[in-house]
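Student: A predicted structure for the sequence below; I have some questions about it.
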Amino acid sequence: MGSLKFYGGINEIGGNKILLQEGDTKVWLDFGQSFNQGDQYFINWLQPRKSEGLKDYFEFGLMPRIEGLYAEYMLKGTEMCYEEPLFQGVFISHAHADHVNHLKFVDPGITVHLGEGTRFFMEAMEQTSSFSDYGFHMFSSFRTGDIIKVDSLEFEPIHVDHSIPAAYGYIIYTGENTIAYTGDLRAHGPRHDMTMEYLEKVEEAKPDYMICEGTRMARVGRRKNLSEDGVAKGVAKICVEANRDGKMIVFTQPGRDMDRWRTFYEAAQESNRILVIHPKTAYLLHKLLDDKHLDLPNPISNDRIRVYYKRKRSGTYSEKDYYGWERSYLDNIITSEEVKKDPAGYIVNLDFYSFAELIDIHPEPGSHFIYSMSEPFTEEDLEEEVLHNWLNHFGLKYHQLHASGHLSRQELEKAINRIEPGKLYPVHTTGAEKFKQIYSSVEVPEVGREYRLN
Ligand SMILES: [Zn+2]
């Protein structure tokens, strides 16, 4: 008889850590970082010490104490003794932090299964961000259509549309039971066909259990529910206005949402502008050239793309001022001086923490700023206030255009009632109880409790 235990993703959006056991076989579905767990102790720059492994997490009960799971070097300084791995694998749904970030604690002897594209995103993060480190692992990558066997368990990963490429949902066959795990998914993106394909396959598989994300069950966003196509239409409209007035367009977008990136890239082509990107984006695009399914442009040779370099140390854009990985794109450099000279020539990607560059770029009043992000800003958010202070200072027009990475409540209701799982476990949501309003057989999981599979 099998069982499920939920160690993360309960009463929170993200942080999925779900343990599936069948006989002696134990595997994890995702091993992500919680976005807000521990924020009563850690905030902004006050964070668990990197050098101390799990010690700081155990102090506040932020990670479960589970034997045979963690890497030996992560347990140093804690009262837990190292044990050889007692788990047979981790299956990752996609490369977002709330699904992969705590892999760094996992014993290198436990195989990590993930989509081929997911590896590219993780490698790019490790190379370009000092905050990203997933640890040492044996990685085993798959594509849709593969079946991965772990002892008597069979995993069928199927691509889904989400706000990062290479996202997967799973159908898992235990011999006795069939379990669907959705990961994160949406039905209004450019690849909604993939999500539909997954949901149809789940329906055919007649799952006994379904572990389903519910990000949008509880959220009452301040913003409109746009599709990616809706975002593209909004951006196109702003481009027409900006071209007419000869104004600059600046935007902020989620770093690894390649659908959003393509939306701005295509808008740049349509409006006869150059897309100005961050070196990190250039590195990611370069890496993703290896993924033929994505069909993204080469940041070195594409004449619609230029790479924005901030002045560093010497102040002269000298090669030695930049990290090794940044230097590959210096041939395609654009500077603030150049952007400033031809405001109607560019669409400039600039994230909030790079806003000081606006002082050099100095867009004219009436230029446009598109905030193309999800909703990290809360009512009392100081960053939002500061962002608006900057926009007001430069007289920039504010636009908010974003498409969510998740199914809406209506879409969830429709999908679940077609699939009719024997039992539904909501995860990745603060609205788990609300699933009872849309489906008859819902069990709201509690952290660490064992749920037996009959
Ligand atoms: Zn997520």
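Tutor: On my side now, so go ahead.
Student: List the residues that contact whatever residue of the stretch 151-300 of the chain ends up closest to the ion.
Tutor: Closest approach between the stretch 151-300 of the chain and the ion, counting by Cβ to the ion: Asp184, at 4.3 Å. Quick note: C-beta positions are derived from backbone N, CA and C, even for glycine. Residues in contact with Asp184 (Cβ atoms under 8 Å, 6 or more residues apart in numbering) are 93-94, 96, 99, 160, 162-163, 167, 213, 215, 405-406, 428.
Student: Which ones among the residues you listed lie within strands?
Tutor: Using DSSP state E, 160, 167, 213 are the members of these that sit in strands.
Student: closest to Glu67 among these?
Tutor: Glu213 (28.9 Å; Cβ to Cβ).
Student: Can you lay out the contacts of Asp184 as TSV showing pLDDT and neighbour count?
Tutor: Listed next are the contacts of Asp184 as TSV, based on pLDDT from 0 to 100; neighbours: other Cβ atoms under 10 Å:
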residue	pLDDT	neighbour count
Ser93	98	29
His94	98	28
His96	97	25
His99	98	29
Val160	98	29
His162	97	29
Ser163	95	24
Ala167	98	29
Glu213	98	27
Thr215	93	23
Gly405	93	25
His406	94	26
His428	96	28
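Student: Okay, Leu46 and the ion: tell me how far apart.
Tutor: For Leu46, the distance to the ion equals 24 Å [Cβ to the ion, to the nearest Å].
Student: what's the pLDDT at that residue?
Tutor: Per-residue confidence (pLDDT) for Leu46: 93.
Student: Adjust the sequence numbering to begin at 384 for everything that follows.
Tutor: Will do, 384 is the new start, and the previous item becomes Leu429.
Student: For it, give me its contacts.
Tutor: Per Cβ under 8 Å, 6+ apart, neighbours of Leu429: none.
Student: Grab the nearest non-local neighbour of Tyr556.
Tutor: Nearest non-adjacent residue to Tyr556, counting by Cβ to Cβ, 6 or more residues apart in numbering: Glu537, 4.3 Å away.
Student: Confirm that the one you found sits in a helix.
Tutor: No - in this structure, Glu537 is strand, not part of a helix, as judged by DSSP: H, G, I helix; E, B strand; the rest coil.
Student: quick one on the thing from earlier: tell me which of the contacts of Asp567 is nearest to Ala615?
Tutor: Ser546 (14.6 Å).
Student: doesn't Pro637 make contact with that closest one?
Tutor: Yes - using Cβ atoms under 8 Å, Ser546 makes contact with Pro637 at a distance of 6.4 Å.
Student: any shared contact partners between these two?
Tutor: Both Ser546 and Pro637 are contacted by 643, 757, under the criterion Cβ under 8 Å, 6+ apart.
Student: Helices of this structure, start to end?
Tutor: 438-442, 455-458, 480-483, 499-511, 575-588, 611-628, 641-653, 662-671, 707-710, 719-724, 740-744, 765-777, 792-802 (DSSP state H).
Student: and of the contacts of Asp567, the nearest to Ile531?
Tutor: Ser476 (13.6 Å).
Student: Tyr553 is in contact with the closest one, correct?
Tutor: Yes - using Cβ under 8 Å, Ser476 makes contact with Tyr553 at a distance of 7.3 Å.
Student: shared neighbours of those two, anything?
Tutor: 412, 564, 566.
Student: And the first one, how far from Gln783?
Tutor: Translated: Leu412. Counting by Cβ to Cβ, to the nearest Å, the separation of Leu412 from Gln783 is 33 Å.
Student: Between those two, which has more neighbouring residues?
Tutor: Leu412 (26 against 16; other Cβ atoms under 10 Å).
Student: So what sits opposite the nearest residue to the more buried one once chain neighbours are set aside in the bridge?
Tutor: Counting by Cβ to Cβ, 6+ apart, Leu412 lies nearest to Ile401, which is 4.1 Å off, once chain neighbours are set aside. Beta-bridge partners of Ile401, counted by DSSP bridges, are Phe389, Leu412.
Student: Tell me how many other residues crowd Ile401.
Tutor: Number of residues near Ile401 (other Cβ under 10 Å) recorded here: 24.
Student: try Asp725
Tutor: Asp725: 12 surrounding residues under other Cβ under 10 Å.
Student: In contact with Val410, which residues?
Tutor: 402-403, 470-474, 533, 536.
Student: could I get those residues as TSV with pLDDT and neighbour count?
Tutor: Below are the contacts of Val410 laid out as TSV (pLDDT from 0 to 100; neighbours: other Cβ under 10 Å):
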residue	pLDDT	neighbour count
Leu402	98	20
Leu403	98	27
Phe470	98	20
Gln471	98	15
Gly472	98	22
Val473	98	22
Phe474	98	27
Val533	98	19
Leu536	98	23
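Student: closest to the ion among those residues?
Tutor: The closest of those, once distances to the ion are taken by Cβ to the ion, is Phe474, at 14.7 Å.
Student: Quick check on the closest residue to the ion within the stretch 684-833 of the chain: phi, psi?
Tutor: Residue nearest to the ion within the stretch 684-833 of the chain: His811 (5.6 Å; Cβ to the ion). Dihedral angles of His811 (phi, psi; degrees, to the nearest 10) stand at phi 60, psi 50.
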